[in-house]
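>>> Got a sequence here, can you model it:
(2 chains, ligands or ions: 2)
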Amino acid sequence: MDYFLTEEQQMIRDTAREIAEKKIVPARAEMDAKGIFPTEILKVCAESDLFGLYIPEEYGGFGGGIFENVIAIEELSKACIGVSVSFAGSGLGAYPILISGSEEQKKKFLPQIASGEQIAAFGLTEANAGSDAGGTQTTAKLDGNEYVLNGTKQWITNGGEAGIYTVIAMTNKARGSRGASAFIVEKGTPGFSFGKKEDKMGIRASATRELIFEDCRIPKENLIGKEGMGFLVAMKTLDKSRPGIAAQGVGLAQGALDESVKYARKRVQFGKPVIAFQAVQHMLADMAVQTEAARALTYAVSKFIDSAPKDISKASAFSKLYSSDVAMKVTVDAVQVFGGYGYMKEYPVEKMMRDAKILQIYEGTNQIQRNVIGQALIKEYAKRGK
Amino acid sequence: MKIVVCIKEVPATTKVKINPETNTLMREGVESIINPYDVYALEEGVCVKERLGGGSVVALSMGPPQVERSLKEAISLGADEAILLSDRAFAGSDTLATSYTLAMALDKIGDVGLVICGKQAIDGDTAQVGPEMSEKLDIPFVACVRKILEITEEKAIVERMTDDGYDVIELPLPAVITVVKDINTPRIAGLKGKMRAKKARITVWTATDINADEERIGLTGSTTKVTKVFAPQPRGLGMMLEGSPEEIIDSLYDHLKSGHVI
Ligand SMILES: Cc1cc2nc3c(=O)[nH]c(=O)nc-3n(C[C@@H](O)[C@H](O)[C@H](O)COP(=O)(O)OP(=O)(O)OC[C@H]3O[C@@H](n4cnc5c(N)ncnc54)[C@H](O)[C@@H]3O)c2cc1C
Ligand SMILES: Cc1cc2nc3c(=O)[nH]c(=O)nc-3n(C[C@H](O)[C@H](O)[C@H](O)COP(=O)(O)OP(=O)(O)OC[C@H]3O[C@@H](n4cnc5c(N)ncnc54)[C@H](O)[C@@H]3O)c2cc1C
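Ligands and ions are numbered 1, 2, ... in the order given. This next block holds a predicted model:
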């Protein structure tokens, strides 16, 4: 369907599509099998000016919004969401600075991220703090002009690969959720190291690692916003980044649909291509409708967020929840359309199905998304006074 | 110095039809692209500029007005400016007229240190334009360059691909080279390049602008005439002979004999 993209948005789409087709598709199976991080492909994304789509021009970006970024992520995701999460993860790491950073922080860090010279990462999750970020145990203590960080972040996308990390740590445990703060930590800072790379079910091209802080001293200036604002910054960040996960779902579902239709036209059983069987057609029809609906919702939510409304949590959750569920369902069906061949690694759909699962888990599980939407409904209807 | 990359716009498919009356290509309705080899030529031009740390890359093409689109693409891929030689008088040029016209334009551009062409155009396929142009300009020429080992403002050392290896050739500049696909991996046009291309103005020069002798351009200046273009007759199916070597020899002999070959 035509979403009436502007000329600039079409350029973004075409550029990302070219990278997906020329660089990602030929390499994805090997990156998946061996768990190779897509350093070269991200370099091409950088040279093609894709890393700064949502960053204002004054900080070296393209000056677009969430929607521009979503267009790029969707195209990359058609080929491989292991690559696209590495790309999008940089945005996740940059949002805290963009949303709540000081002018100095923006000037120092955003241009490096916009140019792709450095990629970024976001560290919130810990062993005992998953859905419940309140369980955060990493601490940051002010000591003179420096904060001293101690603790371990778990499952951080782009861990070890990124140069710039935004990290949530407790500055005052006694204050509970109001005792967390957000910090910028640069790779190479003494006391900052990485745990082993996780061996994952899917998105195996992406790097997921621990961030280990042992008396890691960072300048006081690296505090984002004020002390105590950490969880607020984290929540605002996730509200802005979730449409990116939705875009991963849309792209992945589209990629799976494309492969399925192509295959069903070629595969002959009972003397005809399997696409001639109505049962197969119906499966493909459902896949197509769901993918398009996910895209329409994701685009609408992105444009809504770009219009800078006050509350975006519910809309943001809509897009992430729906598109990731669609991606899971469509990729499962894609394997079904392929039959036994779909179960084999020679074809890309088994990887797509393994990859899809993460979309229902990270950046807030889909249960948590439903919680967010439910809470928003309660508030909304309470306001209406009925 | 200026690095000029010659770009020809060609039909996107190799299944182009030929007008049986005029024996010319029927381009109508076929999507046009930059001749694939020329994309490598352009990338190399941009790389040379980056290596020299200065200069500019000029994309040059002779063709109808719609070639502007391909020249804009050249700008998105790194060319600093683009010049289109477009004039009704250029129509029907053969390689002789094409290379004369391009050479006259190079003269007008001035300060050209290196001219890079594709190895050949995928439609015309003659691989003549590059060398003919160097003759007209009276400067050195190397075909099928697969690597530029060294380059300064004064000279270049290049590897020329051959059937069974490569030659290393040193040549003084200015010079003309044609390149093969091994030479580089063309970049993907980024957003900044595309935005620049969108805004760019393409310079258009006519025959008068480049002081071309009207006897030497277009159909008038073309000395080759294609008298006939045809698809070769398909050859009959081959035949596989089976059996022991002796049986095969006997069978082959019988076939040759009955076919009156021997
Ligand atoms: C069916 C058919 C009919 C033809 N009819 C005639 C004819 O009647 N008479 C005749 O002599 N020729 C004819 N040609 C060939 C002629 O039109 C050539 O296409 C043209 O002169 C360029 O030569 P080429 O395509 O072989 O380029 P090549 O010499 O193979 O190209 C090498 C390189 O030169 C450069 N280059 C070539 N053309 C241009 C250009 N226009 N602008 C900028 N750079 C360029 C590019 O860098 C290119 O990679 C015909 C070709 C075909 C297929
Ligand atoms: C590959 C990968 C990459 C990741 N990248 C990052 C990253 O870059 N940065 C980062 O900070 N984190 C990252 N994470 C962490 C991710 O965001 C968490 O895994 C996720 O938030 C869920 O936390 P958990 O795994 O601890 O699950 P848990 O919170 O332990 O949840 C277990 C189950 O309980 C359910 N549950 C929990 N609480 C509730 C509730 N209140 N209501 C209903 N159901 C509930 C969950 O939905 C889930 O089904 C990544 C994770 C993975 C696997």
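
>>> Helices of the chain, start to end?
This is for chain A. Assigned by DSSP state H, chain A shows helices spanning A:7-19, A:28-34, A:39-47, A:66-79, A:81-100, A:103-115, A:230-266, A:278-306, A:313-338, A:349-356, A:366-383.

>>> switch to chain B, that's the one I care about
With helices called from DSSP H, chain B shows them at B:36-52, B:68-76, B:95-109, B:129-137, B:191-199, B:245-258.

>>> which one of the helices of chain A is the most hemmed in?
Among those, judged by mean count of other CB atoms under 10 Å in any protein chain shown, the one packed with the most neighbours on average is helix A:66-79 (a mean of 28). The C-beta positions use only the backbone N, C-alpha and C, and glycine is treated the same way.

>>> between that one and helix A:81-100, how big is the angle?
Angle, helix A:66-79 to helix A:81-100, by axes from the mean of the first three to the mean of the last three CA atoms, to 10 degrees: 160 degrees.

>>> how about the CA coordinates for helix A:66-79, as CSV?
Taking only C-alpha atoms (Å, rounded to 0.1, in the frame of the first residue of the first chain), the coordinates of helix A:66-79 have been written out as CSV:
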residue,chain,number,x,y,z
ILE,A,66,10.7,8.4,14.9
PHE,A,67,8.9,7.8,11.5
GLU,A,68,12.0,8.3,9.4
ASN,A,69,13.9,5.9,11.7
VAL,A,70,11.1,3.4,11.5
ILE,A,71,11.2,3.4,7.7
ALA,A,72,14.9,2.5,7.8
ILE,A,73,14.5,-0.2,10.5
GLU,A,74,11.6,-1.8,8.6
GLU,A,75,13.7,-2.1,5.5
LEU,A,76,16.8,-3.6,7.2
SER,A,77,14.5,-5.9,9.1
LYS,A,78,13.1,-7.5,6.0
ALA,A,79,16.5,-9.0,5.6
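
>>> Who are the packing partners of it?
Counting contacts by 3 or more CB pairs under 8 Å, 6 or more residues apart in numbering or on different chains; DSSP states H and E, helix A:66-79 is packed against helix A:7-19, helix A:81-100, helix A:230-266, helix A:278-306.

>>> anything in the longest one near ligand 2?
Right, helix A:230-266. No - interface with ligand 2: helix A:230-266 contributes nothing (CB under 6 Å from any ligand atom), its closest point being 8.3 Å away.

>>> Could you name the helices and strands sitting against that helix?
Other helices and strands packing on helix A:230-266, by 3+ CB pairs under 8 Å, 6+ apart, are helix A:66-79, helix A:81-100, strand A:164-170, strand A:180-186, strand A:272-273, helix A:278-306, helix A:313-338, helix A:349-356.

>>> Quick one: closest of these to residue B:101.
Of all these, the one in closest proximity to residue B:101, counting by CB to CB, is helix A:66-79 (40.7 Å).

>>> Let me know the angle separating that closest one from helix B:191-199.
If you take the same axes, to 10 degrees, helix A:66-79 sits at 110 degrees to helix B:191-199.

>>> wait, what's in contact with residue A:75?
By CB atoms under 8 Å, 6 or more residues apart in numbering or on different chains, residue A:75 lies in contact with A:13, A:16-17, A:19-20, A:251.

>>> and of the residues you listed, the nearest to chain B?
residue A:19 (5.9 Å; CB to the nearest CB).

>>> Show me where the chain dips below the pLDDT cut-off.
Because you didn't say which chain, this covers chain A. When the per-residue scores of chain A are filtered using pLDDT under 70, the ranges that remain are A:386.

>>> was after chain B, sorry
Low-confidence regions of chain B, defined here as pLDDT under 70, cover residues B:14-16, B:20, B:22-25, B:27.

>>> Would you mind listing what in it touches chain A?
Chain B has residues B:187-192, B:194-195, B:198 near chain A, with proximity defined as CB under 8 Å from any CB of the partner chain.

>>> What's the local residue count around residue B:54?
When counting by other CB atoms under 10 Å in any protein chain shown, one arrives at 9 neighbours for residue B:54.

>>> Same question for residue B:42.
Close neighbours of residue B:42, defined as other CB under 10 Å, add up to 29.

>>> Residue A:128 too?
Look at residue A:128: counted by other CB under 10 Å, it has 10 neighbours.

>>> need the contact list for the closest residue to it other than its chain neighbours.
Leaving aside its chain neighbours, residue A:128 sits nearest to residue A:135 (4.7 Å; criterion: CB to CB, 6 or more residues apart in numbering or on different chains). Counting by CB under 8 Å, 6+ apart, residue A:135 touches A:126, A:128-129.

>>> Show me which of the residues of chain B next to chain A are buried.
With neighbours counted using 16 or more other CB atoms under 10 Å in any protein chain shown, the residues of chain B next to chain A contain these buried positions: B:187-191, B:194-195.

>>> Same list, the residues you listed, but as CSV with distance to residue B:121 please.
Converted to CSV, these look like this (distance: CB to CB, whole Å):
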residue, distance to residue B:121
B:187, 22
B:188, 23
B:189, 21
B:190, 27
B:191, 30
B:194, 25
B:195, 29
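
>>> Now the two most distant members of these.
B:187 and B:195 (15.6 Å).

>>> How many residues are close by residue A:206?
Using other CB under 10 Å, residue A:206 is surrounded by 29 other residues.

>>> likewise residue A:359?
The number of residues packed near residue A:359 is 29, by other CB under 10 Å.

>>> That one contacts residue A:249, doesn't it?
Yes - counting by CB atoms under 8 Å, residue A:359 sits close enough to residue A:249 to count as a contact (5.1 Å).

>>> so what's in contact with those two at the same time?
Common neighbours of residue A:359 and residue A:249 are listed as A:320, A:323-324, A:327 (criterion: CB under 8 Å, 6+ apart).

>>> between these, which is closest to residue A:36?
Sorting the shared contacts of residue A:359 and residue A:249 by distance to residue A:36 puts residue A:327 at the head of the list, at 22.9 Å, by CB to CB.

>>> How about that closest one: what's its closest non-neighbour residue?
With sequence-adjacent residues excluded and distances taken as CB to CB, 6+ apart, residue A:327 is closest to residue A:249, at 3.7 Å.

>>> Now do the same contact list for the one you found.
A:77, A:294, A:298, A:320, A:323-327, A:356, A:359.

>>> What distance do you get for it to chain B?
In this structure, residue A:249 lies at 24 Å from chain B, with CB to the nearest CB, to the nearest Å as the measure.

>>> do residue A:322 as well
With the distance defined as CB to the nearest CB, residue A:322 ends up 29 Å from chain B.

>>> Can you name the residues of the stretch 101-250 of chain B sitting close to ligand 1?
Among all residues of the stretch 101-250 of chain B, those adjacent to ligand 1 (criterion: CB under 6 Å from any ligand atom) are B:102, B:117-118, B:120-121, B:123-130, B:222, B:224-226, B:229.

>>> that older thread, can you lay out the helices and strands packed on helix A:230-266 as TSV showing distance to ligand 1?
TSV is the format used below for those (distance: least, CB to the nearest ligand atom, whole Å):
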stretch	distance to ligand 1
helix A:66-79	31
helix A:81-100	34
strand A:164-170	44
strand A:180-186	47
strand A:272-273	38
helix A:278-306	41
helix A:313-338	42
helix A:349-356	40
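
>>> Much appreciated, bye for now.
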